[in-house]
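Trainee: can you look at this prediction? I've put the sequence above it.
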Amino acid sequence: MKLRRDLMGTRRVMSIIVIITLAVALGIVGWNRFYKRADSSANRPSQAAPSVAKQPQTIIYGKYLFSGTSTWARATERDAKNDYSQPFSQLHTFGTYDAWSTDFECPITNNVVPYAMQISQLVFNCRPEFLPAATKYITLYDLANNHTDNQGGSKGLEETRKHLNEVGAQYYGSFDPSLADDVCEVIALPVRLKNVGQQDQKAMLPVAFCAWHYFYRKPLPGEIAVMDRYAKIMPVFAFVEAGAEYRPKADAIQEEIAHQIMDHGPEFLVANSPHWVQNTEVYNDRLIVYSTGNFIFDQLDTETRRGASLGVQINVVSDDNIDKWLAFSDSCKTFKDDCLQKAERQNLTKPKLTYVFEVVGSQGGVGIPTHKADAATQNAIEERMNWSDTLKALGQK
């Protein structure tokens, strides 16, 4: 009996040992399989979060020129001798810009105004035949001045706009600042998209151009505030005709009007009227040019035969907001479209552009086509404009 009990005990012990051995073996096999799966997963790229190469940033930029008083009437027309390209034959000396604007002090009509009448009565008229040559360079026309009403007021202005439409030019402003609908116009401004290693692509960026004519009077309540709605949602470039003629420095009235405009938030202000180049100012950290002088005109003395165009380069890095504006630009290509209203309905927000400014001097006058200024004239223009101090105040020097 004792032997039997010993054998049974031995069998139980052996069974327990076998069971324990099998359990340990199975555990080792399972652990090895688990470890191999884990190790394989750790060394295999994740399917849930694939690696994406960082895309280079797209830079949106544009280069523009804003020039002073232009008219191809009077002696400019006489000296051209029916060569309608003659007044613009030296504009290539300024280089290439994405858009070029001028303070255009002349209605464009088919009317015939004798040279003597244009001289004695200061009634201007510009022939539409000049436009094809002019718009090879100048694509934007500021009509907010004291001569765009010379051919029948609103009738002459409407014919001017008609002729500009026919050549694909854009325009803004009028002789009457009380007409709220004429103050601001959204322009589809040409820009370029730069990507590393790729050729630049062309696009359009909507910008509001707001212009007033205050040669005869000061602003009335509400006239400048027309700009507020635009400045809230998009960049605004501002322009004004104001100031007594033939003076080297802006007076208190010019400063008052300019400051009123700047208080409503444009990116910069280009003023004109005196026919002489005048000083500049930085107000609320933004640029005011008080007079760009003449550009294409027929006056005779040294001061009226030189001008100061403002060169402006804009830059911005592409983001979702900018991409929406670029895609939206087709809504802003026609005069008095509903671009602003559509932008408001889509809740678009104001792009944060950066600006780089320069002064580009010009020379021209009776019998001399306008061309880029020589070094001595350029230096004299910059000195008159206190340009070095202005650039320092803007943080650009």
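Mentor: Now that the structure is in, tell me what you want to look at.

Trainee: neighbours around Ile296, how many?
Mentor: 26 (other Cβ atoms under 10 Å). Every C-beta, even on glycine, is put in place using the N, C-alpha and C of the backbone.

Trainee: which parts of the protein are strands?
Mentor: Ranges of strands in the chain, per DSSP state E, are 59-70, 99-104, 140-142, 170-172, 184-194, 201-213, 236-241, 268-272, 280-283, 286-289, 294-296, 306-317, 354-365, 368-372.

Trainee: now mean pLDDT too, for those, in JSON lines please.
Mentor: As requested, the strands of the chain are exported to JSON lines (pLDDT from 0 to 100):
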{"stretch": "strand 59-70", "mean pLDDT": "97"}
{"stretch": "strand 99-104", "mean pLDDT": "98"}
{"stretch": "strand 140-142", "mean pLDDT": "98"}
{"stretch": "strand 170-172", "mean pLDDT": "97"}
{"stretch": "strand 184-194", "mean pLDDT": "97"}
{"stretch": "strand 201-213", "mean pLDDT": "97"}
{"stretch": "strand 236-241", "mean pLDDT": "98"}
{"stretch": "strand 268-272", "mean pLDDT": "98"}
{"stretch": "strand 280-283", "mean pLDDT": "98"}
{"stretch": "strand 286-289", "mean pLDDT": "98"}
{"stretch": "strand 294-296", "mean pLDDT": "98"}
{"stretch": "strand 306-317", "mean pLDDT": "97"}
{"stretch": "strand 354-365", "mean pLDDT": "97"}
{"stretch": "strand 368-372", "mean pLDDT": "97"}
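
Trainee: can I get those strands in CSV with distance to Gln260?
Mentor: Listed next are the strands of the chain as CSV, based on distance: least, Cβ to Cβ, whole Å:
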stretch, distance to Gln260
strand 59-70, 20
strand 99-104, 19
strand 140-142, 19
strand 170-172, 19
strand 184-194, 16
strand 201-213, 10
strand 236-241, 10
strand 268-272, 10
strand 280-283, 11
strand 286-289, 11
strand 294-296, 26
strand 306-317, 20
strand 354-365, 21
strand 368-372, 32
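
Trainee: which residues touch the closest residue to Tyr171 other than its chain neighbours?
Mentor: Once flanking residues are discounted, Tyr171 sits nearest to Tyr141: 4.2 Å by Cβ to Cβ, 6 or more residues apart in numbering. Tyr141 is in contact with 101-102, 104, 164, 169-172, counting by Cβ atoms under 8 Å, 6 or more residues apart in numbering.

Trainee: coming back round to it: which stretch among the strands of the chain comes nearest Gly395?
Mentor: strand 280-283 (9.6 Å; Cβ to Cβ).
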